[in-house]
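>>> mind looking at a prediction? Sequence and model below.
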Amino acid sequence: TVLGEQVHIEHVMADEEKEGNEMPEPLIIEAFQHYAVLYIKYMQIFKKLEGCYDSMVHPQKRIDVKMTLELVIRRIIELRHMLV
């Protein structure tokens, strides 16, 4: 359900940007809160993956965790830009 809400909000925001109209104030607040929650969750995931990566011994697994960690970092940066 959380993913469905994210897709819905992002889709509505993309449609509004295409039309060039200003979004209503409640929708902006809802979107900001949604992205703020996502940002916090991704930061928690980042911290767990970072700890996992630091303590991992197996080189093959480290490569996979590193790729996932890089993707999470990219998403955190995207979310930060959306929030600012």
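In hand now; what should we look at? All values reported here derive from a predicted model rather than from experimental measurement.
>>> all helices of this structure, in order?
For the chain, the helices defined by DSSP state H occupy 2-19, 25-55, 59-83.
>>> quick check: buried residues in the longest one?
Read that as helix 25-55. Taking 16 or more other C-beta atoms under 10 Å as the neighbour-count basis, helix 25-55 is seen to contain the buried residues 31, 34, 35, 38, 39, 42, 49. In short, each C-beta sits where N, CA and C put it, glycine included.
>>> measure residue 44 to residue 51 for me?
With the distance defined as C-beta to C-beta, to the nearest Å, residue 44 ends up 11 Å from residue 51.
>>> isn't residue 45 up against residue 69?
No - with the criterion set as C-beta atoms under 8 Å, residue 45 and residue 69 do not qualify as a contacting pair; they are 9.3 Å apart.
>>> so where's the protein uncertain?
Low-confidence regions of the chain, defined here as pLDDT under 70, cover residues 1-24.
>>> 80 - rerun?
1-26 (pLDDT under 80).
>>> circling back: among the buried residues of helix 25-55, which two are most distant?
Using C-beta to C-beta, the pair of these lying farthest apart is 31 and 49, separated by 26.2 Å.
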